[in-house]
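**Q** quick one: sequence and predicted model below, then my questions.
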Amino acid sequence: MADEFDPEKFEDKYANYFNELQRAYKNAFNQMNDRYDSELIHGIDQTVLNESEPFYEDGEFRVELPENPRERIRGVVPVDDETFEETLDEYVDRIETELYRTLGVDRPE
């Protein structure tokens with residue numbers, strides 16, 4: 001775990017918090033993989049989240065997704081739009097939750 005989270009250091013997150021970021025994404029992946037179809041979770045992980053970008057702004061973590069996430073998985077994993085959107089939303093929420101936990105930051109209420 002990071003000694004103490006520094007928002008300024010997070011601007012260069014891959015130099016300062018790479019291990020913590022990796023752990024947060026892995027923890028979220030494991031949680032999602034235990035609860036949902038593993039083919040869908042692997043597909044989202046490899047086609048959408050592999051190009052996502054975590055940010056810390058105004059006291060909150062958020063994960064920015066690449067453009068057209070639905071199109072990225074189309075043809076890779078057979079899934080309807082509603083299931084994809086719901087699963088992706090929960091996956092992103094889990095990543096954000098894990099960022100707070102892993103970096104020792106209290107989540108705003």
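**A** Perfect, thanks for sending it. Numbering: from 1, shown residues only.
**Q** listing request: residues of this protein with sub-threshold pLDDT.
**A** Applying pLDDT under 70 to the chain picks out residues 1-3.
**Q** so for the longest helix seen in the chain, what gets flagged as buried?
**A** Ranked by number of residues, the top helix in the chain under DSSP state H is helix 81-103. Residues of helix 81-103 classed as buried: 84, 87-88, 91-92, 94-100, 102-103 (neighbour count, 16 or more other C-beta atoms under 10 Å). Every residue, glycine included, has its C-beta placed from N, CA and C.
**Q** tell me which other helices or strands it touches.
**A** With contacts taken as 3 or more C-beta pairs under 8 Å, 6 or more residues apart in numbering; DSSP states H and E, helix 81-103 sits against helix 18-35, helix 38-47, strand 60-64, helix 69-73.
**Q** so which elements touch the last one?
**A** Just to be clear, that refers to helix 69-73. helix 38-47, helix 81-103.
**Q** do that again at 6 Å, thanks
**A** Under the contact criterion of 3 or more C-beta pairs under 6 Å, 6 or more residues apart in numbering; DSSP states H and E, helix 69-73 touches helix 38-47.
**Q** need the next SSE after the helix it packs on, C-terminal direction.
**A** The helix or strand immediately downstream of helix 38-47 is strand 53-57, counting by DSSP states H and E.
**Q** quick check: angle from that next one to helix 81-103?
**A** Strand 53-57 and helix 81-103 are oriented at 60 degrees to each other (axes from the mean of the first three to the mean of the last three C-alpha atoms, to 10 degrees).
**Q** need the CA coordinates for strand 53-57. PDB is fine.
**A** Only the C-alpha atoms of strand 53-57 are listed here, as PDB (Å, rounded to 0.1, in the frame of the first residue of the first chain):
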ATOM      1  CA  GLU A  53      -7.300   6.000 -17.800                       C
ATOM      2  CA  PRO A  54      -7.700   6.600 -14.000                       C
ATOM      3  CA  PHE A  55      -7.800  10.200 -12.800                       C
ATOM      4  CA  TYR A  56      -8.000  11.900  -9.400                       C
ATOM      5  CA  GLU A  57      -9.700  15.300  -9.600                       C
END
